[in-house]
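Colleague: Provide a 3D model corresponding to the input given below.
(chains A and B)
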Amino acid sequence: MVNAVGTALSQKGMVKGKKFFTLTADYIFGHDLLKAAKSFFGAHDANLIGDELIATDVTDFSPYLLKVRQAKPDVVCCNLAGNQVTNLVKQYAEFGFPYPLVGFNLNTGDAWAAGAGNLSGTWPTVWYHTLNNPASQAFVATFTKKYGKPPENHAWIEYITLKLLAEAINTTKSTDSGELIAYFEKQTQFDIMKARKAYFRSWDHQLVQEAYPFTVKPKDQMKDQWDMLVLGDAVPAANDPLEQIYPTKEQNPCEMKA
Amino acid sequence: MQFEFLLEQVVNGLVLGGYYLLIALGLSLIFSVGGIVNLAHGAFYALGAYVCVELTKRLGFGASVVISPFAVALLGILFERFILRRFYTADPILSLLVTFGLAMVAEQAIRMIWGAAPVSTEIPQSFRGSVIVGDFLFSRYRLLILAVVAAILLGIWLLLHKTSFGRVVRAGIQRPDMVAALGIRLQPYMTGIVMLGVGMAALGGAFFAPITTVHPAMGAEIMTIAFVVVVIGGLGSFWGVVISALLVGVVRGIAIHFEPAAGEASIYILMFLVLLVRPRGLLGERIEKFE
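Modeller: Okay, here's the model as predicted:
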């Protein structure tokens, strides 16, 4: 996700030589994002001038926003998760700072909850309901018919998870966990309703897939309240290996040992 | 420069204290009159936010932030008449259990009506952005909240100290038996105080809706900080709660300035220290009926 957004920011000239200030959730997910962000900043000549660790029960960000203002960064970077992202986005819009706010994690539901007039900047996602893919659009149409609104990225995640599991059970003719894991560890290619197929990387069990940076559509161009995001080009580019945006063995301590 | 940054956090903490006060004062008032620790108080805060979001779609934010607390305060009449009234003289554990249950029912009801996903609303354009006064930066919207809280605080103080309603309420807090001996029924006054308390919580919800995530469990979230404020100030003490809310905001701001990761822990450490020295809280009084 860091590489997905980082690539998009680099293309806009928002990385090299720029001063970053990060707000990071103080638990393992946030720490991982921060680690990846630091590695990206280091590799692309960006400067991290401030880094605040934020407890997971924080709902008011005003003291942290004052510290952002005091640091005067070029870009503010959000490494938070869940409702905290929504709170930060709303309060950032409330204070009206001139520094662009970007992030390395944002779910569709949280983006919708933040509201079109509050969200700005560049963020990453693994899927959005406007993705131009026939299978994806068929899923969106069926979901919308049943629930009266388009699916958020978690609905897609749950749908493909079940599909992959069913496919593995069908192929192995087994429901034994060991056999299913062994099947996934062969790095079998799966259609996950995107342009490129995905696979589970054998050594850390990550679902290796393409991701998308997105920006926010101007309010007057939204067709409805869900039509909020504009997907950028998939990363990595079509000719680059998918693993390019994933942490290497050196960067990722996870080994999934039995 | 470092000192100015610190001072900015202190001033911001005072503004934040006003935000906490809106929720905590109602909780404290209901306790002091009825002797009930209302664990459902957060549910009224959440309802205030949701009703405001819903009304904003039709009436705009200005009208919604006024109507929402009044609508929820009317609900407070039913809450007092059919639930709280049965527990004023009962074992306190029963009112704790019933208000805790009601909070869960309210949260699930919100989930059934508005769904589990958060809903969104925005600050009106005219209140977006910051104003810089001297070296300090303030959110324009929070200044509006602070002005409303100050007006409400003044109004409640006048109501309690300069009106016959307030005299009966204050007498009822200390000696309900003597008030009854004078032929005054306390129950209508209790209804009024409950309406006021839950209305303030709803106003808090309505005001915070554009700057916080509006989701079904938001009521439970705010209750922790509301209780911390009330306990530090002294359960039932008007000025205790005011001082405590401001103190909590300031301590949190200073902690975040020096050690950001300890920001939330700092308010619990403050509560621990205050209770060590003053087990009744900063200005908690001895109330005879609770002895």
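Colleague: would you list every one of the helices in the stretch 151-258 of chain A?
Modeller: Secondary structure of the stretch 151-258 of chain A, counting by DSSP state H, counting those that start in this stretch: helices at A:153-172, A:177-185.
Colleague: With mean neighbour count as added columns, please give the ones you listed in JSON lines.
Modeller: For every residue, glycine as well, the C-beta is placed using N, CA and C. Formatted as JSON lines, the helices of the stretch 151-258 of chain A follow (neighbours: other Cβ atoms under 10 Å in any protein chain shown):
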{"stretch": "helix A:153-172", "mean neighbour count": "15"}
{"stretch": "helix A:177-185", "mean neighbour count": "14"}
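Colleague: Format those helices as a markdown table; extra columns: mean pLDDT and distance to chain B.
Modeller: Below are the helices of the stretch 151-258 of chain A laid out as a markdown table (pLDDT from 0 to 100; distance: least, Cβ to the nearest Cβ, whole Å):
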| stretch | mean pLDDT | distance to chain B |
| --- | --- | --- |
| helix A:153-172 | 95 | 10 |
| helix A:177-185 | 93 | 30 |
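Colleague: Distance to B:Tyr268 added to those, as JSON lines?
Modeller: Output for the helices of the stretch 151-258 of chain A, formatted as JSON lines (distance: least, Cβ to Cβ, whole Å):
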{"stretch": "helix A:153-172", "distance to B:Tyr268": "33"}
{"stretch": "helix A:177-185", "distance to B:Tyr268": "42"}
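Colleague: going on from the helix or strand hosting B:Gly26, what's the next piece of helix or strand?
Modeller: Using DSSP states H and E, B:Gly26 sits within helix B:2-34. As assigned by DSSP H and E, the chain's next helix or strand after helix B:2-34 is helix B:41-59.
Colleague: Report the buried residues of that next one.
Modeller: Within helix B:41-59, the residues that count as buried by 16 or more other Cβ atoms under 10 Å in any protein chain shown are B:41-56.
Colleague: Give me the packing partners of that helix, helices and strands only.
Modeller: Using 3 or more Cβ pairs under 8 Å, 6 or more residues apart in numbering or on different chains; DSSP states H and E, the elements in contact with helix B:41-59 are helix B:2-34, helix B:61-82, helix B:92-114, helix B:187-208, helix B:218-233.
Colleague: Just the mean pLDDT for it, thanks.
Modeller: The pLDDT scores in helix B:41-59 average 95.
Colleague: relative orientation of it and helix B:61-82 in degrees?
Modeller: 140 degrees (axes from the mean of the first three to the mean of the last three Cα atoms, to 10 degrees).
Colleague: Restricting to C-alpha, output helix B:41-59 in CSV.
Modeller: Output of helix B:41-59 as CSV, limited to C-alpha atoms (Å, rounded to 0.1, in the frame of the first residue of the first chain):
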residue,chain,number,x,y,z
HIS,B,41,-26.1,8.8,28.9
GLY,B,42,-23.8,8.0,25.9
ALA,B,43,-26.8,6.6,24.0
PHE,B,44,-28.5,10.0,24.1
TYR,B,45,-25.2,11.5,22.8
ALA,B,46,-25.3,9.1,19.9
LEU,B,47,-29.0,9.7,19.2
GLY,B,48,-28.3,13.4,19.1
ALA,B,49,-25.6,12.8,16.5
TYR,B,50,-27.8,10.5,14.3
VAL,B,51,-30.9,12.7,14.5
CYS,B,52,-28.8,15.7,13.6
VAL,B,53,-27.3,13.9,10.6
GLU,B,54,-30.7,12.8,9.4
LEU,B,55,-32.3,16.2,9.8
THR,B,56,-29.3,17.9,8.2
LYS,B,57,-30.2,16.2,4.9
ARG,B,58,-33.6,18.0,4.9
LEU,B,59,-33.2,21.2,7.0
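Colleague: Show me the shaky parts of chain B.
Modeller: By pLDDT under 70, the low-scoring segments of chain B are B:1, B:286-291.
Colleague: need the contact list for B:Val98.
Modeller: Contacts for B:Val98 (Cβ atoms under 8 Å, 6 or more residues apart in numbering or on different chains) come out as B:Ile83, B:Phe87.
Colleague: Contacts only, for residue 209.
Modeller: Reading this off chain A. A:Val126, A:Ile192, A:Lys194, A:Arg196, A:Ala198, A:Leu242.
Colleague: my bad, chain B
Modeller: Taking Cβ under 8 Å, 6+ apart, one finds B:Ala49, B:Cys52, B:Val53, B:Thr121 in contact with B:Ala209.
Colleague: So which bits of chain A are right by chain B?
Modeller: A:26, A:52-55, A:57-60, A:62-64, A:66-67, A:69-70, A:83, A:86-87, A:90-91, A:93-97, A:109-110, A:112-115, A:117-118, A:152 (Cβ under 8 Å from any Cβ of the partner chain).
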